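# Just to be clear, the model below is a prediction. Sequence and coordinates:
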Protein chains: 2
Amino acid sequence: MVQKRNPPLPPRARPKAKTEPAKPQPAAGGVPPKRRGRPRAYEPDVALSRALDVFWKDGFAATSLDDLSAATGMNRPSLYGAFGDKRELYKKTYESYRNRARARMGEAFAADMPLRPMLLRIYGIALDMYLSGEDGPRGCFTVMTATSEAVFDPDIRALVVSGLGEMDRFFARLFKIAQERGELPASADPQVLANLASATIHTIAIRARAQIPRTELETLVNGAVDVMVRG
Amino acid sequence: MVQKRNPPLPPRARPKAKTEPAKPQPAAGGVPPKRRGRPRAYEPDVALSRALDVFWKDGFAATSLDDLSAATGMNRPSLYGAFGDKRELYKKTYESYRNRARARMGEAFAADMPLRPMLLRIYGIALDMYLSGEDGPRGCFTVMTATSEAVFDPDIRALVVSGLGEMDRFFARLFKIAQERGELPASADPQVLANLASATIHTIAIRARAQIPRTELETLVNGAVDVMVRG
DNA sequence: GCTTATTTATACGAAGCGGTACATAAATCA
DNA sequence: TGATTTATGTACCGCTTCGTATAAATAAGC
């Protein structure tokens, strides 16, 4: 099975896990509250990021716990203890992806440039994400999740719906601001344009996954942006 | 595992398999050339259609040979003998899907109506397909395949690329004809519009899979068509 | 040093997986 | 009728899967 085996990752540097991101403990101060037993040999954030790499590449069903174990450097019982079963881990992985994607898009948004360069920049970031991956382009993890697990698991479906909606609203805000600045005709409908912008995100994600070359995707994006900035 | 088990299909009516669609035999006449051994208890077309139902719903990795066996009414050795292993079966299934989709779109195309109603009709057909399915909407099988198996199997990837391209060319022809008829401004770029039209197909396929309701998808389509028919 | 708390490491088990060997059934051909 | 050809049905194989039971390791508290 070609798609099952990950290349044997370099033995992950195991940080000493000093910083606890969030303690359920009612302790007030942010100081490191000494834990009682054996310290963990992993950092949850790093492990989730590693798990994301595998899920993103292979999808939920084709990813085994052994794959996840190898990728994170955690053995199976530790994985289970830390994140729950495979589905739970997938959900947490997806949330970590969303946080990452949101942060990147937030940066672009904060740059506050005119509509056209802003859109081109956003699509550039998207292409960087979708075409990255050691074993070929990975596409968009939201799209991957929508086409696989979203049908069966209501929780995951809710996450995906929220992800799609967030993207739509992000673009809608962008077009609304541009319209208020006079960069778009008054007749333009920011909501419709936002849907088109999301659709363009989705289509490049799918095509990236089919290994359509970047230049072709950029041509597609340029054309789409031309239409959008015209309102 | 929720997504593994199919509801036990009603015991499929087993036709007598009289019509052989295409014989590799050099025999000329189209008359039923009598086969030698025990007659098959299935019709390949029906079996492929049944297999499509399962693959489409669950994806390649989450579909077991037992699932396929149950869906087609063929036991595992028969499946193997008829279509080869799981991957081969998937490819043949995908081709049968493409044929079906092409036929439907071809009908719409042949109707030869003005651009806007034509587009609306095409998206109506797409929505019918993507929202059908006994256990929830199924999305677009090309998109599903692109996001899963296309990464690992070059043959499947080639099929997907060809499927995406066919859709693009279909829309491009549509816009070109409309432009020649004067329904679109001369400045419009049929290729760009075709990409937007495909992107709209892709986005509604993804959203359908996330169980976004049809009315919402139709609103999205209407907005996208408004932008497209303006050129 | 001993107890307690927490994590890691090994190993196991029941179930499911894709694929196939082998015997049986049903047709044609001679 | 008997040989041949093709398809079916059962049962099995070796392997992988997810999850867990159990023991060893490493920290703090006393």
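Looks like it came in fine.
# Give me the below-cutoff pLDDT ranges for chain A.
Chain A contains residues with pLDDT under 70 at A:1-33.
# Up against DNA strand C, what does it have?
A:35-42, A:74-78, A:81-82 (CB under 7 Å from any atom of the strand). To be clear about C-beta, it is placed using only N, CA and C from the backbone, and glycine gets the same treatment.
# got a winner among the residues you listed for most neighbours?
The most neighbours of any of those, using other CB atoms under 10 Å in any protein chain shown, belong to A:Met74, which has 24 neighbours.
# Excluding chain neighbours, what is closest to that residue?
Take A:Met74 and drop its neighbours on the chain: the residue closest to it by CB to CB, 6 or more residues apart in numbering or on different chains is A:Tyr42, 5.3 Å away.
# got it, and A:Ala51?
Distances taken as CB to CB, 6+ apart put A:Thr93 closest to A:Ala51, at 4.9 Å, once the chain neighbours are dropped.
# do the same with A:Leu115
A:Ala178 is the one closest to A:Leu115 (CB to CB, 6+ apart), at 4.1 Å.
# The one you found: what secondary structure?
What DSSP: H, G, I helix; E, B strand; the rest coil gives for A:Ala178 is helix.
# distance of it from A:Gly231?
9 Å (CB to CB, to the nearest Å).
# Quick check, central residue of chain A?
In chain A, the centroid-proximal residue (CA atoms, centre = their mean) is A:Tyr97; its distance is 3.4 Å.
# which residues touch the closest residue in space to that one that isn't next to it in sequence?
Spatial nearest neighbour of A:Tyr97, chain neighbours left out: A:Phe141 (4.7 Å); criterion: CB to CB, 6+ apart. Contacts for A:Phe141 (CB atoms under 8 Å, 6 or more residues apart in numbering or on different chains) come out as A:Leu52, A:Phe55, A:Trp56, A:Tyr94, A:Tyr97, A:Ala101.
# Could you dump those into a markdown table with secondary structure added?
Putting the contacts of A:Phe141 into a markdown table (three-state DSSP) gives the following:
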| residue | secondary structure |
| --- | --- |
| A:Leu52 | helix |
| A:Phe55 | helix |
| A:Trp56 | helix |
| A:Tyr94 | helix |
| A:Tyr97 | helix |
| A:Ala101 | helix |
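# Show me the two of those that sit farthest apart.
Farthest apart among the contacts of A:Phe141 by CB to CB are A:Phe55 and A:Ala101. That separation is 14.5 Å.
# A:Tyr90 reaches A:Phe60, doesn't it?
Yes - look at A:Tyr90 against A:Phe60 with CB atoms under 8 Å: they come within range, at 5.6 Å.
# neighbour count winner among these two?
A:Tyr90 (26 against 23).
# in the helix or strand hosting that one, what's buried?
Per DSSP states H and E: A:Tyr90 is located in helix A:86-111. Buried residues in helix A:86-111, counting neighbours by 16 or more other CB atoms under 10 Å in any protein chain shown, are found at A:86-87, A:89-94, A:96-98, A:101, A:105, A:108-109.
# Summarise which helices and strands that helix is packed against.
helix A:44-58, helix A:65-72, helix A:76-83, helix A:115-131, helix A:141-147, helix A:154-180 (3 or more CB pairs under 8 Å, 6 or more residues apart in numbering or on different chains; DSSP states H and E).
# what's the distance between the residue sitting furthest away from the middle of chain A and DNA strand D?
Most distant from the centre of chain A: A:Arg36, at 34.3 Å, with distances by CA atoms, centre = their mean. With the distance defined as CB to the nearest atom of the strand, to the nearest Å, A:Arg36 ends up 5 Å from DNA strand D.
# hmm, back to that, what is in contact with A:Tyr90 and A:Phe60 at once?
Common contacts of A:Tyr90 and A:Phe60 (CB under 8 Å, 6+ apart): A:Glu149.
# what sits against the nearest residue to A:Ser132 once chain neighbours are set aside?
In space, and not counting its chain neighbours, A:Ser132 is closest to A:Arg138: 6.5 Å by CB to CB, 6+ apart. Contacts were defined as CB under 8 Å, 6+ apart; by that measure A:Arg138 touches A:Trp56, A:Lys57, A:Met129, A:Tyr130, A:Leu131, A:Ser132, A:Ala208, A:Arg209.
# Now A:Arg138. Its backbone dihedrals?
A:Arg138 adopts backbone torsions of phi -110, psi -10, taken as degrees, to the nearest 10.
# The residue of chain A found nearest DNA strand C sits in which helix or strand?
Nearest residue of chain A to DNA strand C, counting by CB to the nearest atom of the strand: A:Gly37, 2.0 Å away. Here A:Gly37 is covered by no helix or strand, with elements defined by DSSP H and E.
# Ramachandran angles for it?
Backbone torsions for A:Gly37, taken as degrees, to the nearest 10, come to phi -90, psi -150.
# With the one 4 residues further on instead?
With angles defined as degrees, to the nearest 10, A:Ala41 sits at phi -100, psi 10.
# A:Ala188: what secondary structure?
coil.
# Give me the number of neighbouring residues for it.
Residues within reach of A:Ala188, counting by other CB under 10 Å, total 19.
# now A:Asp45
The tally of other residues near A:Asp45 (other CB under 10 Å) stands at 12.
# Next, find the distance separating it from A:Ala71.
For A:Asp45, the distance to A:Ala71 (CB to CB) stands at 14 Å.
# Equivalent analysis for A:Val227, please.
For A:Val227, the distance to A:Ala71 (CB to CB) stands at 41 Å.
# And A:Cys140, by the same measure?
From A:Cys140 over to A:Ala71 (counting by CB to CB), the distance is 20 Å.
# More neighbours: these two, which one.
For A:Cys140 and A:Ala71, the more surrounded residue by other CB under 10 Å is A:Cys140, and the numbers stand at 25 against 21.
# Surely that one and A:Ser198 touch.
No - using CB under 8 Å, A:Cys140 is not in contact with A:Ser198, being 10.7 Å away.
# Quick check: A:Phe83 touching A:Lys92?
Yes - using CB under 8 Å, A:Phe83 is in contact with A:Lys92, at 5.6 Å.
# intersection of neighbour lists for those two?
Common neighbours of A:Phe83 and A:Lys92 (criterion: CB under 8 Å, 6+ apart): A:Leu48.
# May I have the secondary structure class of A:Pro185?
Relying on three-state DSSP, one would call A:Pro185 coil.
# Is there a neighbour count for it? I'd like the number.
9.
# Equivalent analysis for A:Met167, please.
The burial count for A:Met167: 22, using other CB under 10 Å.
# Flag every buried residue along stretch A:205-222.
Neighbour count says stretch A:205-222 has A:Ala205, A:Ile206, A:Arg207, A:Ala208, A:Arg209, A:Ala210, A:Gln211, A:Ile212, A:Leu217, A:Leu220, A:Val221 buried, by 16+ other CB under 10 Å.
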